[in-house]
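**Q** just the structure for this:
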Amino acid sequence: MLDDQGDELIAMTDAIAERARKVGGTTLRSVGHIARLQRLPDNDADFVTPEDMLAELKSDNEQLIQVMREVHELTAEHRDFATTSLVEGWINEAEGRVWFLFESGRRT
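**A** You can find the predicted model right below:
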């Protein structure tokens with residue numbers, strides 16, 4: 001499950017970079033650049049319980065959805081239909097990850 005979710009995120013980052021370049025923007029240039037723009041904090045704990053890991057991943061995806069909804073509004077406002085369409089798919093994927101992480105972390 002986590003490998004599949006990671007694959008979705010990696011595919012999304014590649015598509016974001018391609019789209020940014022297509023519309024004349026720039027992309028991330030270094031690990032330091034990434035660190036300066038990072039919105040989600042790293043978890044450098046020596047140990048994280050599986051339950052806490054699932055909860056943290058769920059929360060991270062919920063934050064990602066919020067950011068993507070803001071991007072969706074901006075791209076729609078600027079009539080960038082291609083980016084808007086991509087973002088809609090990514091929101092759907094992230095909502096699926098949130099649901100799956102929620103269900104995986106539930107105690108029955």
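
**Q** and the strand or helix carrying residue 98, what's buried?
**A** Under the criterion DSSP states H and E, the helix or strand holding residue 98 is helix 81-105. Of the residues in helix 81-105, those with enough neighbours to count as buried (16 or more other C-beta atoms under 10 Å) are 83, 84, 86, 87, 90, 91, 93, 94, 97, 98, 100, 101. C-betas here are computed from N, CA, C, even on glycine.

**Q** please apply the same query to stretch 60-69.
**A** Buried-residue list, stretch 60-69, by 16+ other C-beta under 10 Å: 60, 61, 64, 65, 68.

**Q** nearest to residue 25 among the residues you listed?
**A** Closest to residue 25 out of those is residue 68 (16.7 Å), distances taken as C-beta to C-beta.

**Q** for the closest one, give its distance to residue 46.
**A** As judged by C-beta to C-beta, to the nearest Å, residue 68 and residue 46 stand 32 Å apart.

**Q** by contact count, what packs against the longest helix along the chain?
**A** Using DSSP state H to assign secondary structure, the helix with the most residues in the chain is helix 50-77. For helix 50-77, the elements it packs on are helix 81-105, judged by 3 or more C-beta pairs under 8 Å, 6 or more residues apart in numbering; DSSP states H and E.

**Q** re the thing from before, state the mean pLDDT of the longest helix of the chain.
**A** pLDDT averaged over helix 50-77 equals 96, rounded to a whole number.

**Q** mind listing what the residue nearest the centre of the chain touches?
**A** Using C-alpha atoms, centre = their mean, the residue of the chain that lies closest to the mean C-alpha position is residue 64, 4.6 Å off. Contacts here follow C-beta atoms under 8 Å, 6 or more residues apart in numbering; on that basis residue 64 touches 40, 94.

**Q** try 7 Å
**A** For residue 64, the set of contacting residues under the criterion of C-beta atoms under 7 Å, 6 or more residues apart in numbering consists of residue 94.

**Q** residue ranges with poor pLDDT in the chain?
**A** Applying pLDDT under 70 to the predicted model, the residue ranges of the chain that meet it are 108.

**Q** the longest helix of the chain to helix 81-105, inter-axis angle?
**A** In terms of direction (axes from the mean of the first three to the mean of the last three C-alpha atoms, to 10 degrees), helix 50-77 departs from helix 81-105 by 160 degrees.
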